[in-house]
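> 3D, please:
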Amino acid sequence: MRRLVPIALTLALAALAGTARADVFAVVPTPQGADVGLAAPLVLPSFDEPTLPGAVAVPASLSTPPAFELQLSYPQLLGLWQRAGAAYGIPWQVLAAINEVESNFGRNMGPSSAGAIGWMQFMPSTWLSWGIDANGDGVADPWNPDDAIFSAARYLAAAGGANDLPRAVYAYNHADWYVNEVLGLADLYGQNDTTAFSLDRLQVSLDAAESSVAAASSRLLAAHARARAARRLQALWLRRADAAPLLSTRLDDQQQAGLAAQRAGAAETRAARASSALATAQGQLSQARQAAAPVSFAAAAAPLLGAPSYSGGYVFPVGGGPGLVSAAHIHHDYPAVDIAAPAGSPVYALADGTILRAWTVPDPTCGIGLTMQTFDGQVWTYCHLAYLEPAITPGVSVTGGEPVGLVGSTGDATGPHLHLQLQPATQWPQREAWFEGFAGTAFSWSDVPAQETSTQPLRFMAAADTAPAFTVDAPVFAVVPSVASKPVVLFSRAGS
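Next comes the predicted model:
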């Protein structure tokens, strides 16, 4: 059954499409000799069997991005998705959705942490088997949009996409959340040819606004820190001057105090400018949120827009969906959870409750954060925020899903994430039913349970100080060679 998009969503996208400018998918100057958006060759490789070794030329270093990365306008992308889909019997909307999820329409082409590359994020070994030269330049290049999108269509066709799209998409990335996200987006894109473009404009605007707020907040924090340090140094020199037994020493110390005061004044001036820039960025973020609000109610659009995920009175505290947001079953040294997400990702109140504490001057350990008590009496602390919403102050009531800040790495943090813990930290947040229930819809586990054996059954945490064995998820984007008489593409969950 086709998922119906709410009327508010349809109207919002239609209105946005009517005023859309073609500057989200930037058209960049093409170097002489480069081919962009050419029609597919008359003869395409079959999807019945993979490419034989050496049958097609590839770049000398597959994992090295080109010096010049092509970016296409929306009409160019739409034509490319449609031609590739028609060539291999795959709906163009599925190719568009994979293109969005994998590389954000060519904006984030990797290599990824797993080694995936290019417009459609192929693993190099898989590209050697299924990559094709679709633009006729003699090279099968995963960094070229024509080659990558046609190759993805071929790969999906080899996985049975003409008859079973969920199975084929699962072959592309062995995760149920991935299948749901891609097919949900494809269904949404199918409402109108301009929907992908309209939704992308909302996403780009929201992402840019969140990044601007996070950056302005960082500059403001740095300016305040320099000003405080200079004022402390000024006070130190003044104390030394007051205690100096000799007039010459007192004058030297007073001179140093004056220099420190000048540095403090300059830093305070920069802080004032940063504060003004932050206020401007806050206004832009508010406008972007208002524009995205009607669309964010569509399940398929919610991850792209970082909208909150709701279930049973709780909200997952970080937006962005399972493709960007992850968490581990254990914390490195005590009961807590680190929810990894890109810097600037939205952070939400996890339930209705009251703010008990909130601080914008970074704590040396926790950074910027807050403590809130939820409707069920539990007390939660958030740490390492890049930015705290001005409305989040002690005593304020918040509703589940209300924005409280942005993901950052302030305090003692090795990378952007939300550190979430109960007060006191005697229980693991990720063991609570509401948290586990969001797995695969709002976040993905960054570890998987170790395989159970007959002699060593898998055991989850039996107590707060007991941790189970986990292992990093294996790469999945690979093809298992078949030994059957007729070539058959097989896939496994482990990708081997």
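
> how about the residue nearest to residue 365 when sequence neighbours are not counted, what does it touch?
Spatial nearest neighbour of residue 365, chain neighbours left out: residue 412 (4.8 Å); criterion: C-beta to C-beta, 6 or more residues apart in numbering. C-beta coordinates here come from the backbone N, C-alpha and C atoms, glycine included. Taking C-beta atoms under 8 Å, 6 or more residues apart in numbering, we find residue 412 in contact with 364-367.

> Any buried residues in stretch 374-393, and which?
For stretch 374-393, the buried set under the neighbour-count rule, 16 or more other C-beta atoms under 10 Å, comprises 374, 378-389, 392.

> same question, stretch 250-265
For stretch 250-265, using 16+ other C-beta under 10 Å, the buried residues are 253, 256-257, 260-261, 263-264.

> residues in contact with that stretch?
Contacts of stretch 250-265 (C-beta under 8 Å, 6+ apart): 226-227, 230-231, 233-234, 237-238, 240-242, 244.

> Sort out for me which of those residues are in helices.
Among the contacts of stretch 250-265, the residues falling in helices (DSSP state H) are 226-227, 230-231, 233-234, 237-238, 240-242.

> C-alpha coordinates for stretch 421-432, PDB please?
The C-alpha coordinates for stretch 421-432 follow below in PDB (Å, rounded to 0.1, in the frame of the first residue of the first chain):
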ATOM      1  CA  GLN A 421      23.300   9.600  32.100                       C
ATOM      2  CA  LEU A 422      20.900   9.100  35.000                       C
ATOM      3  CA  GLN A 423      21.400  10.800  38.400                       C
ATOM      4  CA  PRO A 424      22.800   8.900  40.200                       C
ATOM      5  CA  ALA A 425      24.500   7.000  37.500                       C
ATOM      6  CA  THR A 426      23.600   3.500  38.700                       C
ATOM      7  CA  GLN A 427      21.600   2.300  35.700                       C
ATOM      8  CA  TRP A 428      22.400   2.100  32.000                       C
ATOM      9  CA  PRO A 429      20.100   4.400  29.900                       C
ATOM     10  CA  GLN A 430      20.400   2.100  26.900                       C
ATOM     11  CA  ARG A 431      18.800  -0.700  28.900                       C
ATOM     12  CA  GLU A 432      15.600   1.200  29.500                       C
END
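
> following the helix or strand harbouring residue 197, which helix or strand comes up?
Secondary structure assignment for residue 197, by DSSP states H and E: helix 195-243. Sequence order places helix 247-296 as the next helix or strand after helix 195-243, per DSSP H and E.

> Listing request: residues of this structure with sub-threshold pLDDT.
1-42, 448-496 (pLDDT under 70).

> which residues does the residue positioned nearest the centre of it contact?
Nearest residue to the geometric centre of the chain (C-alpha atoms, centre = their mean): residue 324, 3.7 Å. Going by C-beta under 8 Å, 6+ apart, residue 324 touches 303, 341-342, 345.

> go on, residue 406?
210, 213-214, 217, 343-347, 385-387.

> that older thread, just the buried ones from the contacts of stretch 250-265?
Among the contacts of stretch 250-265, the ones that count as buried by 16+ other C-beta under 10 Å are 226-227, 230-231, 233-234, 237-238, 240-241.

> now, which of the contacts of residue 412 sits nearest residue 77?
Closest approach between those and residue 77, by C-beta to C-beta: residue 367, at 39.4 Å.

> Just list whatever residues bridge to that closest one.
Beta-bridge partners for residue 367, by DSSP bridges, are residue 363.

> thought it was touching residue 410?
Yes - applying C-beta atoms under 8 Å as the test, residue 367 and residue 410 come out as touching, 3.0 Å apart.

> Which neighbours do these two have in common?
Residues touching both residue 367 and residue 410 (C-beta under 8 Å, 6+ apart) are 384-385.

> And for stretch 61-68, what's in contact with it?
31, 34, 59, 109-111, 115, 117, 124, 127, 142-143.

> just the buried members of those?
Of these, these count as buried by 16+ other C-beta under 10 Å: 59, 109-111, 115, 117, 124, 127, 142-143.

> Turn the contacts of stretch 61-68 into CSV, including secondary structure and distance to residue 206.
Listed next are the contacts of stretch 61-68 as CSV, based on DSSP: H, G, I helix; E, B strand; the rest coil; distance: C-beta to C-beta, whole Å:
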residue, secondary structure, distance to residue 206
31, coil, 32
34, coil, 32
59, coil, 34
109, coil, 21
110, coil, 23
111, coil, 26
115, coil, 29
117, strand, 27
124, helix, 33
127, helix, 32
142, coil, 29
143, coil, 27
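
> ok, of the residues you listed, which one's closest to residue 335?
Closest to residue 335 out of those is residue 115 (33.4 Å), distances taken as C-beta to C-beta.

> Roughly how far does that closest one sit from residue 187?
Going from residue 115 to residue 187 by C-beta to C-beta, to the nearest Å gives 30 Å.

> Over to residue 408?
For residue 408 relative to residue 187 (C-beta to C-beta), the value is 34 Å.

> The two: which is more packed in?
residue 408 (29 against 20; other C-beta atoms under 10 Å).

> show me the contacts for that one.
Counting by C-beta under 8 Å, 6+ apart, residue 408 has contacts 214, 217-218, 343-344, 367-368, 384-387, 416.

> Likewise for residue 86?
residue 92.

> 27 is where my numbering starts, stick with that
Okay, residue one is now 27; in that scheme the one you just asked about reads as residue 112.
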